[in-house]
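>>> structure for the following, please:
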Amino acid sequence: MSGIANSHGLDGTLVEPDWPPLTFDEVRSLLLQYPSLGKATQLLSVSPRPFSAASVVATQKQRVFIKRHERTVRDAEGLREEHRFMAHLRRRGAAVPRVFPAASGQTVVETMDWTYEVHETPEGVDLYRDALSWTPFRSIAHAHSAGQTLACLHYASQGFQAPARESRPLTAGFTIFAASDPGAEFDYYVRVRPALSDYLQERDCREETLALLAPFHAQIVPLLPALPPLWTHNDWHASNLLWSDDSAHALAVAVIDFGLSDLTNAVHDVAHTIERNTIGWLALVQDPAHPESVPIYFDHVFALLDGYQSVRPLSREEALALAPMTALCHAEFALSETDYFLSVLHSEDKARMACEGYLVEHARWFRGAGVKLLDALTTWAETRWPNMRGAAPQ
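Okay, the predicted model is just below:
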């Protein structure tokens, strides 16, 4: 078996995994419930992703990708939410892997402690397999292709009729700053997550976050009616794409990992893509006293946007919304991650990194050193609609 036994840590290092890796005996037993796939013959890899255990497994008939979740993180219905979305995308022509049904007809196998899902392994090179979130593309061409593929996914997502996800750990929705009163929506978000509620009662994260992000909320509120609801990926990092080859000019040919998907809007997904791939946030973790040292990969930002625009041009209002959304889009996932660390892993140290280090510090950065990125996004939008500066949204 090849692969990495350790997991991606919050500071960019490799650490002991929170969840035990899949074993050959475990996947062999699981695949007995998938007779059409044949028996397991070899465990080929161990994923370094931190929130679940996953491996590529060879069977008598093909290779498959098996993922195991702790049930409080993803129960059967939580996974079915994702699988229904993926099935819709496939029907609409998106390059998304099939989720195999077991002999029961269900795409989830649930035990007392775990839930399992078995995916096909799509064609393509897992070029960014070991890349952390918040690390850049390897080339401008990769960024451009990632933007094109994201736009194609947004077209494919149209027509998927499903409500926003339930209050589950590890999702990246957009409800708090989509509300006219983000403070009240923040309080509701926290109230239905008791461990998070208890944690925040002893800290200033709520007040500081709302104060720091208030100007961006004010900018985006009048634009929200022009952002149609859409189910989105919300974790569009290069490592969640498979590539045509290992060259600098490779094209994105498949999309994986819909664990953070939810009902948001297209601009939210584009902003998340900028936040995940073009800002070197790990520099802020390593040297929080110097936020100005955080690199911004502007060439990747604009290649990504050019790729997206070549398939699905943003509307005038969407373009205006992109800068404030880029400052806002991290907030809900940071809270969700904080709750996960508290309620599932029972780690206040990790919760502190997610809340104080991610939620608050990133909001501070956008009010300081990050203004240059937001200004660049605003300028980019204005060059496409030269008369829109200061104009009221239509």
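>>> apart from its neighbours in sequence, what residue is nearest Pro35?
Ala103 (5.9 Å; Cβ to Cβ, 6 or more residues apart in numbering). All C-beta atoms are positioned from the backbone trio N, CA, C, and that covers glycine.
>>> neighbours of the one you found, how many?
11 (other Cβ atoms under 10 Å).
>>> check contacts around it.
Ala103 is in contact with Gln33, Tyr34, Pro35, Ser36, counting by Cβ atoms under 8 Å, 6 or more residues apart in numbering.
>>> from those, which is closest to Val255?
Of all these, the one sitting nearest Val255 is Tyr34; the distance, using Cβ to Cβ, is 22.9 Å.
>>> any idea how far the nearest residue to the closest one once chain neighbours are set aside is from Ala76?
Spatially, and ignoring its direct neighbours in sequence, Tyr34 is nearest to Ala102 (5.5 Å; Cβ to Cβ, 6+ apart). With distances taken as Cβ to Cβ, to the nearest Å, Ala102 is found 11 Å from Ala76.
>>> the more surrounded of these two?
Neighbours were counted for Ala102 and for Ala76 using other Cβ under 10 Å; Ala102 has more, 20 against 16.
>>> now the helices for the stretch 151-300 of the chain?
Taking DSSP state H, counting those that start in this stretch as the test, the helices found in the stretch 151-300 of the chain are 182-191, 194-201, 205-220, 266-277, 282-286, 298-311.
>>> wait, Glu123 sits on Asp245?
No - in this structure Glu123 lies outside contact range of Asp245 using Cβ atoms under 8 Å: 11.3 Å.
>>> show me what contacts the residue nearest to Tyr34?
Applying Cβ under 8 Å, 6+ apart to Ala102 gives the contacts Gln33, Tyr34, Val109, Val118.
>>> which residues does the last one contact?
Looking back up the chat, that one is Val118. Val118 touches Leu30, Leu31, Tyr34, Leu37, Val64, Phe65, Ile66, Lys67, Val99, Phe100, Ala102, counting by Cβ under 8 Å, 6+ apart.
>>> try it again at 6 Å.
Counting by Cβ atoms under 6 Å, 6 or more residues apart in numbering, Val118 touches Val64, Ile66, Phe100.
>>> and if you look at the third one?
By Cβ under 6 Å, 6+ apart, the contact list for Val109 reads Gln33, Ala102, Tyr116.
>>> how about residues contacting stretch 34-44?
1, 24, 27-28, 31, 55-61, 102-103.
>>> CSV please, covering these and showing pLDDT.
Listed next are those as CSV, based on pLDDT from 0 to 100:
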residue, pLDDT
Met1, 44
Phe24, 96
Val27, 97
Arg28, 96
Leu31, 97
Ser55, 95
Val56, 96
Val57, 97
Ala58, 97
Thr59, 96
Gln60, 95
Lys61, 94
Ala102, 97
Ala103, 97
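>>> so who does the residue nearest the centre of the chain touch?
The centre of the chain sits closest to Asp235, judged by Cα atoms, centre = their mean, with a distance of 1.9 Å. Listed by Cβ under 6 Å, 6+ apart, the contact partners of Asp235 are Leu260.
>>> tell me the pLDDT of it.
If you check Asp235, the pLDDT there is 95.
>>> what's the answer for the one 3 residues further on, then?
According to the model's per-residue confidence, Ala238 sits at a pLDDT of 95.
>>> can you verify my assumption that it contacts Phe137?
Yes - in this structure, Ala238 is within contact of Phe137 by Cβ atoms under 6 Å, at 5.4 Å.
>>> for Asp349, give me the pLDDT.
Per-residue pLDDT puts Asp349 at 94.
>>> same check, this time on the one 4 residues further on
Met353 is assigned a predicted lDDT (pLDDT) of 94.
>>> three-state assignment of it?
Under DSSP: H, G, I helix; E, B strand; the rest coil, Met353 falls in the helix class.
>>> next: the one 10 residues further on.
In three-state terms, and counting by three-state DSSP, Ala363 is helix.
>>> what's near enough to touch it?
By Cβ under 6 Å, 6+ apart, the residues touching Ala363 are Thr209, Leu212, Leu213.
>>> check the spacing between it and Asp262 real quick.
Relative to Asp262, Ala363 is positioned 21 Å away (Cβ to Cβ).
>>> about what we covered before: cross the contacts of Ala102 against strands and list the overlap.
Using DSSP state E, the members of the contacts of Ala102 that fall in strands are Val109, Val118.
>>> using JSON lines, lay out the contacts of Ala102 together with pLDDT and distance to Arg80.
Output for those, formatted as JSON lines (pLDDT from 0 to 100; distance: Cβ to Cβ, whole Å):
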{"residue": "Gln33", "pLDDT": "97", "distance to Arg80": "16"}
{"residue": "Tyr34", "pLDDT": "97", "distance to Arg80": "17"}
{"residue": "Val109", "pLDDT": "97", "distance to Arg80": "12"}
{"residue": "Val118", "pLDDT": "98", "distance to Arg80": "14"}
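>>> out of the contacts of Ala102, which comes closest to Leu223?
When those are ranked by distance to Leu223 (Cβ to Cβ), Val118 comes first, at 41.1 Å.
>>> point out where the stretch 201-350 of the chain drops to low pLDDT.
Counting by pLDDT under 70, the stretch 201-350 of the chain contains no low-confidence range.
>>> list the buried residues in the strand or helix carrying Thr383.
Using DSSP states H and E, Thr383 falls within helix 371-384. Under the neighbour-count criterion of 16 or more other Cβ atoms under 10 Å, helix 371-384 has Leu373, Leu374, Leu377, Thr378, Trp380, Ala381 buried.
>>> let me see the mean pLDDT of it.
94.
>>> also stretch 147-156?
Computed over stretch 147-156, the mean pLDDT rounds to 98.
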